[in-house]
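only geometry, no sequence info:
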Ligand code: SF4
Ligand code: SF4
């Protein structure tokens, strides 16, 4: 499953640079599929189903706390043995998102969508 940041977040920013998929953004910041990925052209988000151009600016998921874009989170599969955001978070608020239970294959497909 993807990782989600809870409202326990203290906005320290430690997790953001650790994400290999650039899936973590500061609260109130907009996001794009193309940020930190090799994606070009149009895309359909594997979780949200959002169809858009990868350079299209998207609305923030949270205005108050750092947030994770589910469509870009692979639980670090393909890069690391464990979710790096959860590993560095000082208050343990990067947790499994029960709404998105994905297999290893699905997570790898997501990674390949972003980085091939
Ligand atoms: Fe990024 Fe990995 Fe955290 Fe997902 S689990 S948001 S890929 S650091
Ligand atoms: Fe929030 Fe944890 Fe990320 Fe710090 S490391 S910004 S507390 S989610």
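Perfect, thanks for sending it. The structure presented is a predicted model; accordingly, all values stated were derived computationally and were not measured. Ligands and ions are numbered 1, 2, ... in the order given.

what residues does this structure have near ligand 1?
3, 18-21, 23-24, 68, 73-76, 83-85 (CB under 6 Å from any ligand atom). C-betas here are computed from N, CA, C, even on glycine.

residue 90 against residue 14, yeah?
Yes: contact criterion CB atoms under 8 Å: residue 90 and residue 14 qualify, at 6.6 Å.

ok, these two, which is more surrounded?
residue 14 (16 against 9; other CB atoms under 10 Å).

show me where the chain dips below the pLDDT cut-off.
Flagging of the chain using pLDDT under 70 yields the residue ranges 1.

longest helix anywhere in it?
The residue-count maximum for a helix in the chain (DSSP state H) belongs to helix 104-115.

which other residues reach it?
Contacts with helix 104-115, where a contact means CB atoms under 8 Å, 6 or more residues apart in numbering, come from 21, 33, 37-39, 43, 46, 71-75, 77-79, 102.

work out the gap between that helix and the centre of the chain.
Helix 104-115 sits 12 Å away from the centroid of its parent chain (CA atoms, centre = their mean, to the nearest Å).
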